[in-house]
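[1] Sequence below, structure please.
(one chain, ligands or ions: 2)
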Amino acid sequence: MKDRFEREIDYLRISITDRCNLRCRYCMPEGCDKVSMSQILTYEEIRRICRIAARLGIRKIRITGGEPFVRLGCTDLIRTIKRTEGIASVTVTTNGQNLVQYIDELKAAGIDGINISLDTLDPDRYAYITGGGSLDKTLQSIDLAVEAGIRTKVNCLIQKDFNEDEIFRLAGFAFRKGIDLRFIELMPIGIADPSQGISNEWILGMLRKNWPDLEKDNRKHGSGPAVYYLRPGIPGGIGLISAIHNSFCAGCNRIRLTSQGQIKPCLCYDGGIDLKPYLKRPDQELETALKEAILQKPEGHCFTTRRYGSEEHRLMSQIGG
Ligand code: SAM
Ligand code: SF4
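    Ligands and ions are numbered 1, 2, ... in the order given. Just a heads-up that it's a prediction; the model follows:
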């Protein structure tokens with residue numbers, strides 16, 4: 001359905017857990033509170049919300065977290081959502097730490113794409129930023145997903161004085177592997193420190209110095225707001241998700257469902273509609289609540305205008321990114 005600003009809302013991102021097997025410093029560092037399992041939506045509730053969302057025109061679903069694969073039965077959930085009438089695409093975002101064991105099941109489930117987060121190609125840095133993660137495991141996951149023929153993208157967050165010296169290496173990795181790598185601007189959500197963010201404009205300028213043949217690609221590479229750049233004859237592309245420095249709100253097509261059942265119309269604000277009470281009521285009432293959440297979607301985010309950058313106080317791991 002369309003929101004108040006004539007945007008077609010056809011994309012729902014679902015955080016199925018706020019738990020994670022990593023402790024990324026900008027997302028969920030050591031010591032963050034976890035929500036108890038009893039507060040988290042059951043898979044049956046998530047399936048029901050997907051069914052009703054499809055009636056309102058949601059066509060694409062992304063499963064995220066926390067780390068979705070730390071919740072048992074994640075691949076089964078994906079398989080069943082994929083069969084929901086009206087749902088055209090189901091994708092997942094993961095840190096890739098334990099993806100290897102699920103690749104076959106995901107392929108069999110008909111997954112439409114996997115985004116794997118990777119901020120560095122240096123094993124020590126990887127362990128530092130993720131609080132002990134293994135770079136090898138994530139690299140192996142990327143290779144296996146590509147080999148399995150699943151559309152694979154890499155998400156990369158560049159931060160000042162940490163990994164900006166790796167942009168060429170990371171872009172080269174995407175060109176070599178023939179996959180898309182997206183640089184995501186750091187958003188002032190949860191505990192992320194906005195002063196650590198780097199603009200994608202700067203990244204593009206640097207990449208162009210190294211690869212003057214980089215050209216903007218006007219074709220769509222997915223359902224998101226990334227703007228892509230390609231090198232002639234090279235299969236992998238560079239995507240820029242410039243949430244801060246080049247707001248893409250006018251074309252925003254998404255809403256989010258938190259692990260605890262709140263529909264968030266915009267990543268920036270902590271408002272929205274809690275679907276939990278409606279889960280005890282008939283489908284029609286749940287549908288009306290979902291509709292209302294879409295109609296509450298603001299015209300744009302407030303990352304650059306608010307004193308503290310954003311009004312969202314939860315961690316990114318609770319919202320799903
Ligand atoms: N655990 C999975 C993963 O890491 O891919 C899925 C959830 S994670 C919250 C989804 C994405 O959000 C990751 O690519 C992560 O880098 C990104 N992210 C986390 N905090 C962010 C922030 N403050 N600004 C921008 N992206 C962020
Ligand atoms: Fe976990 Fe993903 Fe957050 Fe890192 S970015 S702590 S992997 S949820």
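
[2] Leaving out sequence neighbours, find the closest residue to whichever residue of the stretch 201-321 of the chain sits closest to ligand 2.
    Across the stretch 201-321 of the chain, the shortest distance to ligand 2 (C-beta to the nearest ligand atom) belongs to S317, at 4.2 Å. (C-beta placed from N, C-alpha, C; glycine too.) Excluding its sequence neighbours, the residue lying closest to S317 (C-beta to C-beta, 6 or more residues apart in numbering) is M28, at 4.0 Å.

[3] tell me the pLDDT at that neighbour?
    M28 is assigned a predicted lDDT (pLDDT) of 89.

[4] I'd guessed it sits against L315; true?
    Yes. In terms of C-beta atoms under 8 Å, M28 counts as a neighbour of L315; the distance is 5.4 Å.

[5] Around the residue nearest to S317, how many other residues sit close by?
    Using other C-beta atoms under 10 Å, M28 is surrounded by 25 other residues.

[6] and it, what does it touch?
    Residues in contact with M28 (C-beta atoms under 8 Å, 6 or more residues apart in numbering) are D18, C20, L22, G66, G190, L315, M316, S317.

[7] Now do the SS call for the fifth one.
    If I follow you right, that is G190. coil (DSSP: H, G, I helix; E, B strand; the rest coil).

[8] The last one now?
    Using three-state DSSP, the secondary structure recorded for S317 is helix.

[9] how much space between the closest residue to K2 other than its chain neighbours and Y228?
    Once flanking residues are discounted, K2 sits nearest to E8: 5.7 Å by C-beta to C-beta, 6+ apart. Applying C-beta to C-beta, to the nearest Å, the value for E8 to Y228 is 21 Å.

[10] who has more neighbours, the two?
    Legend: neighbour count by other C-beta under 10 Å for E8 and Y228, higher for Y228 (18 against 12).

[11] Just the C-alphas of the helix or strand in which that one is found, formatted as PDB.
    In the assignment (DSSP states H and E), Y228 maps to strand 227-230. In PDB, the C-alpha atoms belonging to strand 227-230 read as follows (Å, rounded to 0.1, in the frame of the first residue of the first chain):
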ATOM      1  CA  VAL A 227      23.500   3.700  -5.600                       C
ATOM      2  CA  TYR A 228      25.900   1.400  -7.500                       C
ATOM      3  CA  TYR A 229      29.100   2.000  -9.400                       C
ATOM      4  CA  LEU A 230      30.700  -0.500 -11.800                       C
END
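
[12] Direction included, what does it pair against?
    Strand pairing for strand 227-230, using DSSP bridges, gives strand 215-217 (antiparallel), strand 237-241 (antiparallel).

[13] so which of the ones you listed is the most packed in?
    Greatest average neighbour count among the strands paired with strand 227-230 goes to strand 237-241 (a mean of 23), per mean count of other C-beta atoms under 10 Å.

[14] Run a quick neighbour tally on P298.
    P298 has 16 nearby residues by other C-beta under 10 Å.

[15] Mind telling me what element it is part of?
    Using DSSP H and E, P298 sits within no helix or strand.

[16] what sits against it?
    P265, C266, C268, Y269.

[17] would the second one count as being in a helix?
    No. Assessed with three-state DSSP, C266 is coil; it does not lie in a helix.

[18] Near ligand 1, which residues of the protein? Just list them.
    20, 26-27, 64-65, 67, 93-95, 117, 155, 157, 184, 186-187, 189, 192, 316-317, 320-321 (C-beta under 6 Å from any ligand atom).

[19] And the closest residue to G131 other than its chain neighbours, how far from ligand 2?
    Residue nearest to G131 in three dimensions, not counting chain neighbours: R23, with 2.9 Å by C-beta to C-beta, 6+ apart. In this view, R23 and ligand 2 are 6 Å apart by C-beta to the nearest ligand atom, to the nearest Å.
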